[in-house]
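Novice: Task: produce atomic coordinates for the following.
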Amino acid sequence: MRNMLASFLCATAMVLLLAPSAHADESAADIARRSRERGTLNLLGQRAELKLTTVTKDGRRKEQVLSSTAKRVDGRLHSLARFSQPAGVAGVAVLTVEGVKGEPADISLYLPKLKRVRKVAKGQRGQSFMDTDFNYADLGGTGGERDESLRLMGEAKVLERPAHVLRGQAGPDSPYGEVTLYVDKETDVPLKAEYSDREGKPFKVYRAVQLKKFKDRVIASQAVMENLQTGSSTTLEVLKLEEVQLGDEAFTERALERG
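Specialist: Below is the predicted model:
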């Protein structure tokens, strides 16, 4: 009887050791996709009031306030940002729709002075977003990296939290070359991103500065994008956060014009 029990326990232990964990087959692309939905500009089912503070190398400072929200429509992540301050940019709105099968995001920009919506061309993704250190490529997630190129490189600690380290190549329409992402293992919040330019030189670094819990989820309540080549930086700060349930029609080009 004792031998039978020992054999059973041994067999059970072997099964537990050999059985794959729930996340053993999880790919870098899976982690990256989830992290995009935890970025401050892509918060699903929530509306965030944000302040962007850009400081140039020579100390010039500019502040802008906008609201941002996101929703999945027909399986694709739709993100909407609308500026309210200062007066010169009030009413400017940007709709970003996740690309299909590795394609870059579709970006539509509404300019109230022109009273029309225009598409941000693929060749313009490297341009500054509203004169900040974020580019249009950053609006679709973390810089336009190609999911199929991402690889799990191991783990690291960021903000004293264990994080997945992912590395991959950006798409041809991104201003970046290689992208290294650090994604919080517990919450999927993007904690850090390192970008090189097309020549392989260090370009920009995104860092979450402070995390905050809102009901049942954690967000980066403050983050900074630093341009290593120009010496400027843009700090993104969450001023207010609330749950919203917007209809699909709110994430259309027609809705951009209505305000």
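Novice: what residue ranges in the stretch 1-150 of the chain score low on pLDDT?
Specialist: Residues of the stretch 1-150 of the chain that meet the criterion pLDDT under 70 lie in 1-25, 102, 140-145.
Novice: Now with 50, please.
Specialist: Applying pLDDT under 50 to the stretch 1-150 of the chain picks out residues 1-24.
Novice: Going along the chain, name the strands of the stretch 51-200 of the chain.
Specialist: Ranges of strands in the stretch 51-200 of the chain, per DSSP state E, counting those that start in this stretch, are 61-73, 76-85, 93-97, 106-111, 116-119, 151-158, 161-169, 176-184, 190-197.
Novice: Now do the contacts for Leu150.
Specialist: For Leu150, the contact set (C-beta atoms under 8 Å, 6 or more residues apart in numbering) comprises Ser27, Ala28, Ala29, Ala32, Leu166, Arg167, Gly168, Leu181. Yep, even glycine has a C-beta here, placed from its N, CA and C like the rest.
Novice: any idea how far the closest residue in space to Gly200 that isn't next to it in sequence lies from Tyr195?
Specialist: Among residues not flanking Gly200 along the chain, Gly177 sits closest, at 5.8 Å (C-beta to C-beta, 6 or more residues apart in numbering). Look at Gly177 and Tyr195: by C-beta to C-beta, to the nearest Å, they are 8 Å apart.
Novice: shared neighbours, the two?
Specialist: Overlap of the contact sets of Gly177 and Tyr195 (by C-beta under 8 Å, 6+ apart) consists of Ala170, Phe203.
Novice: Out of these two, name the residue with the larger neighbour count.
Specialist: Tyr195 (28 against 15; other C-beta atoms under 10 Å).
Novice: The nearest residue to Glu249 once chain neighbours are set aside in helix, strand or coil?
Specialist: Residue nearest to Glu249 in three dimensions, not counting chain neighbours: Ala255, with 6.1 Å by C-beta to C-beta, 6+ apart. State at Ala255, reduced to three classes by DSSP: H, G, I helix; E, B strand; the rest coil: helix.
Novice: any idea how far Ser108 is from Ala255?
Specialist: Counting by C-beta to C-beta, the gap from Ala255 to Ser108 is 10 Å.
Novice: where do the contact lists of those two overlap?
Specialist: When contacts are counted by C-beta under 8 Å, 6+ apart, Ala255 and Ser108 have Leu95 as shared neighbours.
Novice: Just give me the neighbour total for Glu226.
Specialist: The burial count assigned to Glu226 is 16, neighbours taken as other C-beta under 10 Å.
Novice: Could I get the pLDDT score of the nearest residue to His164 once chain neighbours are set aside?
Specialist: Sequence neighbours aside, Val183 is the residue nearest to His164 in space, at 4.7 Å (criterion: C-beta to C-beta, 6+ apart). If you check Val183, the pLDDT there is 96.
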